[in-house]
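Peer 1: Would you be able to build a 3D model of this:
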Amino acid sequence: MLNRRLLALLIKESTELLRNRQLVIFLTISPIISMVIFGYVLNSNVTHLRLGILDQNQVAISRELVDAFTANHVFLADRYTNSQQDLTQQIERGQVDAGLIVPSTFSRDLLQTGKSEVAVAIDGINAYSSGLAKGYVAQIATQFNLNLLKQNQPLSTGLEIPMQSQITFRYNPGTLDSWFFVPGVIGTIITLSAILAAAVEAFRERSDSAGKGYQTMMNEALRGYLGKATQPIDEATLRRVIQEELRAAK
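Peer 2: Just a heads-up that it's a prediction; the model follows:
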């Protein structure tokens, strides 16, 4: 019994929906336009971050590190500076998004101890891009270390990489962001369209009922005014008829 009622309700609502041409256009054209726009606009990749560089070592290995940061177009070598204070001011003023500091002992520490440190300062005003930039920095550092091992630098003589991994994407091989975003965008647009359609229908039904109620009220008021206006005429006419009848009776 419940299924029959539900089916009848679905048929009724579908019929009313198809009769409303404006609502049909709204439910079809608007989601398509929104999906196309969001598919092209939304992009989770962070590229061309302005990188300020302070290379105090100025040797081949330090330049290789700088090239590693700028090779994948995530960071763009925007400014070179000669002092850490100047680089800090550039970050504070928003002139660069991140700063790379290579100390003067970078190559010497690599040769003597097998390890060295560099500093990367990231402008955290944009939490999303700064978080991704931090992940990119970690990946670049890891890849740079692997390249050093492959090149058999003195610090890594006799060492070999025990395991190498190759990642293959079965879904979305090109890792296009639109492929990840579009399904979620479709679900969001459908949900919003359903809510807006229900709101439009509720407003239309309320407007129709209010209009009918207003029309009924105006008709009743008009009838009342006409009744009041014609009452003296009716009374005078009735009085005249009675007088004529009395005269005829005499």
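
Peer 1: For this protein, which segments count as strands?
Peer 2: Chain-ordered strands for the chain, with DSSP state E as the definition, fall at 49-55, 75-80, 98-102, 119-122.

Peer 1: could I get those strands as JSON lines with mean neighbour count and distance to Gln90?
Peer 2: C-beta coordinates here come from the backbone N, C-alpha and C atoms, glycine included. Converted to JSON lines, the strands of the chain look like this (neighbours: other CB atoms under 10 Å; distance: least, CB to CB, whole Å):
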{"stretch": "strand 49-55", "mean neighbour count": "22", "distance to Gln90": "5"}
{"stretch": "strand 75-80", "mean neighbour count": "17", "distance to Gln90": "6"}
{"stretch": "strand 98-102", "mean neighbour count": "23", "distance to Gln90": "7"}
{"stretch": "strand 119-122", "mean neighbour count": "17", "distance to Gln90": "10"}
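
Peer 1: Can you pull the domain assignment for the protein?
Peer 2: With automatic domain parsing as the criterion, the domains of the chain are listed as 1-42+177-250, 49-165.

Peer 1: For the shortest one, what does the pLDDT average out to?
Peer 2: Per-residue pLDDT values over domain 1-42+177-250 give a mean of 68.

Peer 1: so where do the helices sit in the protein?
Peer 2: 2-19, 21-41, 60-70, 84-92, 106-113, 127-150, 177-249 (DSSP state H).

Peer 1: Just the buried residues of the shortest one, please?
Peer 2: Judged by neighbour count using 16 or more other CB atoms under 10 Å, the buried positions of helix 106-113 are 106-107, 110.

Peer 1: who does it touch, helix- and strand-wise?
Peer 2: If contacts are counted by 3 or more CB pairs under 8 Å, 6 or more residues apart in numbering; DSSP states H and E, helix 106-113 sits against helix 60-70.
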